[in-house]
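# let's see this in three dimensions:
(chains A and B)
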Amino acid sequence: MENQEVRVRFAPSPTGGLHLGGVRTALFNYLFARKHNGKFILRIEDTDQTRFVPGAEEYIVKSLEWIGLDVDESDIKGGEYGPYRQSDRKHLYRQYAMQLVDSGNAYYAFDTPEELEAMRKKLEAEKAPVQSYGPATRNTMKNSLTMPADEVKALLDSGAQYVIRFKMPENEKLVLHDIIRGEINADTSILDDKVLFKSDGMPTYHLANIVDDHLMKISHVIRGEEWLPSLPLHFLLYRAFGWQDTMPQFAHLPLILKPDGKGKLSKRDGDRLGFPVFPMNWTDPKTGEFSKGYKEYGFLPEAFINMMALLGWNPGNTDQEIFSKDELCQLFTLEHVNKAGSKFDPEKNKWFNKQYIERSSAKTLAPYLIEDAKAAGIDVPQDRAEQICELVKDRAKYTHDLWHESEYFFIEPEKYDEVNVKKFWKAETPEILTKAADVLKGINDFTSKNIETIVSEWIKANELSFGKVLNPMRLALCGECKGPHIFDILEQLGKEESIKRIDKAIKGITI
RNA sequence: GGUCCUUUCGUCUAGCGGUUAGGACGCAAGAUUUUCAUUCUUGUAACACCGGUUCGAUUCCGGUAGGGACUACCA
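Purely as a prediction, here's the structure:
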């Protein structure tokens, strides 16, 4: 087991949009695989036909692409252990269930939903320590353990509905190992006889998962903490199959919790608190409900990875917080994953994104600006977009801010911010700006630095203040008082356009 | 209810027997900035509790209390 190739899998169910917990599970699997030069496998677990959501699988694939988690084996990518979708592996599972029946580790059960319900009600009323189908109750139920063999055969032959349940051993104390948590204790007496094979001919998660992990030679199972209670069952399944020697190692990741209040992070929290919980836009085809994604919200995928990686993990002994994907791949270890769940903090994510935008080159940022400008009906060439991104990237929290912070470069202001007009537009302003425009007219080398020198000298020579000239000028150029260094704005706008806007404001603003 | 997991500033976390318990987000104040934002400086604030083990516990063990997950023919 020690020197075996690292093979990990991300195994989502296509039941809806990929939520943040799933994203992080995928990320940690990916980082672990890359760290150990192993394989990252995408397996679709669609054994529940009733919960199938069309489009969900494609969504998962696209989301992983956007995040930048390239898979080594999947339905699309192929691989020698396929198929990689459980519904396409349906034919495999029955024989394994039968193997367990034959070896006495599983049995047929014929109970109806009503009978099961009645049993649970009764247990609850009795306040029994166990509340389901297991060692303590199976002798009272309709199954191949309690019924005569010929009766069972007759039922089976008649095509009666049945499930196959695992026969949980009694009074065994298990000590299992989890890479993150260490020893996990379990007592099989209080565990129940889980259904392994459903009456619709499909396996349950438990069976399919163990069979596929075995067949696909998975070396490490890295999954959410919600699976921890199933670990004893899964261990027992490996043992029952005789696969104990090649059983993967397990690591159960802590959960991502609500930013406020209690419990697991849910889609509702995002809607309520105003942050995305899906990597990309997602519309539920059944309910029509729409959820905005991180991508569309204006997050950079690298920032998204960074913030997700640091939620529940850190490399230890460092104050560094900004890590490239490559760095994360190098540094990642399961031993440094925290045990306790972590509350999601949208504010910190915003900060991460800002850091990434600031550190990104104008070249990589330009396409975001170009795209938003295009949506507003304006074509911006790459080089101009780059120049402007350079000017405004320090003030952007989301990629869309690149456009919001620079709109006025392309769209002449139609109105002027009232508060600032009141604040800066005085009786003498038109006269001052008229003179200032003349000064601008006389500048041949219309570059930021040169304009600054000349205008500054002019202001000093005429005993004017910077505020009296530059504030209203900014208002005239941008329509409001925001944006980068005003001389950068002038250069970018160009002499002609700048003067035109100043003239327009002088004529348009009345006090 | 039962079982399992978990517990350091409001939040994310560092720490792996001896530290002035460190960083980041947030928040507050100040500085820079002719605007807005940024940036910078400073400040704010934590080892859940009770017992052990130990010369010495945030760190190891047990209990209590909080939190979380699971308890389906869902994953």
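# make it CA atoms for all contacts and neighbour counts henceforth
Will do.
# where in chain A is pLDDT low?
Within chain A, the stretches with pLDDT under 70 are A:1-3, A:131.
# domains in it, by residue range?
Residue ranges for the domains of chain A, per automatic domain parsing: A:7-75+A:209-256, A:91-207, A:269-357, A:360-410, A:418-508.
# how about exporting stretch A:500-511 as PDB, limited to the C-alpha atoms?
Extracted in PDB, the C-alpha atoms of stretch A:500-511 (Å, rounded to 0.1, in the frame of the first residue of the first chain):
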ATOM      1  CA  LYS A 500     -14.400  68.900 -25.000                       C
ATOM      2  CA  ARG A 501     -15.700  67.500 -21.700                       C
ATOM      3  CA  ILE A 502     -14.500  70.600 -19.700                       C
ATOM      4  CA  ASP A 503     -16.300  72.900 -22.100                       C
ATOM      5  CA  LYS A 504     -19.400  70.700 -21.900                       C
ATOM      6  CA  ALA A 505     -19.400  70.900 -18.100                       C
ATOM      7  CA  ILE A 506     -18.900  74.600 -18.100                       C
ATOM      8  CA  LYS A 507     -22.000  75.000 -20.200                       C
ATOM      9  CA  GLY A 508     -24.000  72.200 -18.600                       C
ATOM     10  CA  ILE A 509     -23.500  72.900 -14.900                       C
ATOM     11  CA  THR A 510     -25.500  75.600 -13.300                       C
ATOM     12  CA  ILE A 511     -25.600  76.500  -9.700                       C
END
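# and that stretch, what's buried?
By 16 or more other C-alpha atoms under 10 Å, the buried positions in stretch A:500-511 come out as A:501-506.
# same question for stretch A:397-406.
Buried residues in stretch A:397-406, defined by neighbour count with 16+ other C-alpha under 10 Å: A:397-403, A:405-406.
# nearest to residue A:269 among the residues you listed?
Minimum distance to residue A:269 across the buried residues of stretch A:397-406 is 20.4 Å, recorded for residue A:398 (C-alpha to C-alpha).
# my read: the closest one touches residue A:354, true?
Yes. The pair residue A:398 and residue A:354 passes the contact test of C-alpha atoms under 8 Å, sitting 6.8 Å apart.
# just to revisit the earlier point, mind putting the domains of chain A in JSON lines, distance to RNA strand B included?
Listed next are those as JSON lines, based on distance: least, C-alpha to the nearest atom of the strand, whole Å:
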{"stretch": "domain A:7-75+A:209-256", "distance to RNA strand B": "3"}
{"stretch": "domain A:91-207", "distance to RNA strand B": "4"}
{"stretch": "domain A:269-357", "distance to RNA strand B": "3"}
{"stretch": "domain A:360-410", "distance to RNA strand B": "4"}
{"stretch": "domain A:418-508", "distance to RNA strand B": "3"}
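# can you pull the contacts of residue A:193?
Shown in contact with residue A:193 (C-alpha atoms under 8 Å, 6 or more residues apart in numbering): A:133-135, A:165-168.
# residue A:97 now?
By C-alpha under 8 Å, 6+ apart, the contact list for residue A:97 reads A:106, A:164, A:196-197, A:207.
# in helices, which of those residues appear?
Among the contacts of residue A:97, the ones falling in helices (DSSP state H) are residue A:207.
# any chance of a PyMOL selection covering the buried ones in the contacts of residue A:97?
Remark: buried members of those, expressed as a PyMOL selection using 16+ other C-alpha under 10 Å:
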select buried, chain A and resi 106+164+196+197+207
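# among the contacts of residue A:97, which lie within strands?
Among the contacts of residue A:97, the members falling in strands (DSSP state E) are A:106, A:164, A:196-197.
# next, give me the two most distant ones among those.
Greatest spatial distance in the ones in strands among the contacts of residue A:97: A:106 and A:197, 10.0 Å, computed using C-alpha to C-alpha.
# sorry, back to before: quick one: which of the contacts of residue A:193 is the most crowded by neighbours?
The most crowded member of those, judged by other C-alpha atoms under 10 Å, is residue A:166 (26 neighbours).
# that one contacts residue A:197, doesn't it?
No. Contact between residue A:166 and residue A:197 fails when scored by C-alpha under 8 Å: they sit 9.2 Å apart.
# can you get me a residue count around residue A:435?
Residue A:435 has 14 neighbours, counted by other C-alpha under 10 Å.
# for it, which three-state class applies?
Following DSSP: H, G, I helix; E, B strand; the rest coil, the label given to residue A:435 is helix.
# so what's it up against?
By C-alpha under 8 Å, 6+ apart, residue A:435 has no neighbours at all.
# ditto for residue A:187
Residue A:187 sits next to A:171-174 when contact means C-alpha under 8 Å, 6+ apart.
# for residue A:414, state which of the residues you listed is nearest.
Nearest to residue A:414 among the contacts of residue A:187: residue A:174, at 73.9 Å, using C-alpha to C-alpha.
# so the closest one is in which element?
Element membership for residue A:174 (DSSP states H and E) is strand A:173-178.
# same check, this time on residue A:339
Using DSSP H and E, no helix or strand contains residue A:339.
# what does the one 10 residues further on give?
In this structure, residue A:349 sits in helix A:346-359 according to DSSP H and E.
# in that helix, what counts as buried?
A:346, A:349-350, A:352-358.
# go on, stretch A:219-239?
For stretch A:219-239, burial by neighbour count (16+ other C-alpha under 10 Å) applies to A:219-225, A:228, A:231-238.
# now intersect those with the helices, please.
Filtering the buried residues of stretch A:219-239 for helices - DSSP H - leaves A:231-238.
# residue A:37 - that's part of a helix, no?
No. Looking at residue A:37 with three-state DSSP, it is coil, so not inside a helix.
# what is the burial count for it?
Residues near residue A:37, counting by other C-alpha under 10 Å, number 13.
# quick check: closest non-adjacent residue to it.
If the residues on either side of it in the chain are set aside, residue A:37 comes closest to residue A:6, at 7.2 Å by C-alpha to C-alpha, 6 or more residues apart in numbering.
# quick check: the gap between that neighbour and residue A:146.
The gap separating residue A:6 from residue A:146 is 44 Å, by C-alpha to C-alpha, to the nearest Å.
# repeat for residue A:320
62 Å.
# residue A:4 now?
Counting by C-alpha to C-alpha, the gap from residue A:4 to residue A:146 is 43 Å.
# can you check residue A:228 too?
In this view, residue A:228 and residue A:146 are 31 Å apart by C-alpha to C-alpha.
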